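Asker: for reference, the sequence and a predicted model appear below.
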Amino acid sequence: MRIAHFGHSCILVEKDGTRILFDPGNFSHGFEGITGLDAIAVTHQHPDHICPNRIEALIDANPQARLLSDPQTALMRGEPWEAVHAGEVLKVGNVQITGGGGRHAVIHPEIPVIDNTVFQLGTPDDPSQLVHPGDSLWVPSTPVGVLAIPAVAPWMKIHETVDYLRAVNPRFAFPIHYGIIVPEAQGIYFGRLNEMSPVETEFRVIEPEDHAEF
């Protein structure tokens, strides 16, 4: 599996000849020229996960790509967007996608909670080879190979991030969702996640517009 990071929550996953781009939002850069995608997957409607100013150009450059999202985003954007519900299983190219979670983490009790689909990529026998949770701390029921873990968010304390990483206990983890802090502050979060991760987990950082093999 090859994973490229384009900042914040935007990653390109290439697995078994299938290319899926996740969460091309307004804090992410470098995804604009990507072509040959089999799917564009959006966890939820917030602009840091789907940039309203660049999504149409990305779709136009990838007319063959399936457009997958949480139910509310699919309803707002209309066809050909497909809603992926929690528990739903579908196939894109050679990859199985399983929906999980369903709800965004609570930002504040006075702010309505929106839909958030967790995307799990894998096979029928190993469905969670990669997990992109969007803005949630939902724990899959199956062993996780690679976890894209939200590192910094207005809806999350760092102890919640650490507890989430320990609960999932993936083989590998790398941080996403940190476009809201200055680069000089990243080490505070990455250092804690690295030193407090489970002993079975290898924590890596994929720099924006760089990639890693898993």
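Answerer: Arrived safely.
Asker: C-alpha from now on. contacts and neighbour counts both.
Answerer: Noted.
Asker: how about P71, nearest residue that isn't a chain neighbour?
Answerer: Spatially, and ignoring its direct neighbours in sequence, P71 is nearest to A83 (4.4 Å; C-alpha to C-alpha, 6 or more residues apart in numbering).
Asker: contacting residues for the one you found?
Answerer: A83 sits next to 68-75 when contact means C-alpha atoms under 8 Å, 6 or more residues apart in numbering.
Asker: most surrounded residue in those residues?
Answerer: Sorting the contacts of A83 by how many neighbours each has (other C-alpha atoms under 10 Å) puts S69 first, at 30 neighbours.
Asker: and it, what are its bridge partners?
Answerer: V42, A83 (DSSP bridges).
Asker: you'd agree it is up against A39?
Answerer: No: the criterion here is C-alpha atoms under 8 Å, and S69 misses it with A39 at 10.3 Å.
Asker: which intervals of the protein have sub-threshold pLDDT?
Answerer: Residue ranges of the chain with pLDDT under 70: none are present.
Asker: now the helices for it?
Answerer: Assigned by DSSP state H, the helices in the chain fall at 55-61, 71-77, 158-168, 186-196.
Asker: got TSV for the ones you listed, with distance to P175 too?
Answerer: Below are these laid out as TSV (distance: least, C-alpha to C-alpha, whole Å):
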stretch	distance to P175
helix 55-61	23
helix 71-77	24
helix 158-168	10
helix 186-196	7
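Asker: looking at the ones you listed, spot the one closest to G122.
Answerer: helix 158-168 (16.0 Å; C-alpha to C-alpha).
Asker: please point out which parts of that closest one sit buried.
Answerer: Residues 161-166, 168 are the ones in helix 158-168 that count as buried (16 or more other C-alpha atoms under 10 Å).
Asker: and that helix with helix 186-196, angle?
Answerer: In terms of direction (axes from the mean of the first three to the mean of the last three C-alpha atoms, to 10 degrees), helix 158-168 departs from helix 186-196 by 40 degrees.
Asker: chain center to helix 158-168, what's the gap?
Answerer: Relative to the chain's own centre, helix 158-168 is displaced by 16 Å; criterion: C-alpha atoms, centre = their mean, to the nearest Å.
Asker: show the secondary-structure elements that that helix is packed against.
Answerer: Packing contacts for helix 158-168, counted by 3 or more C-alpha pairs under 8 Å, 6 or more residues apart in numbering; DSSP states H and E, involve strand 146-150, helix 186-196.
Asker: contact partners of it?
Answerer: 137, 139-140, 143-144, 149-152, 189, 192-193, 196-198.
Asker: closest to F119 among those residues?
Answerer: P140 (10.2 Å).
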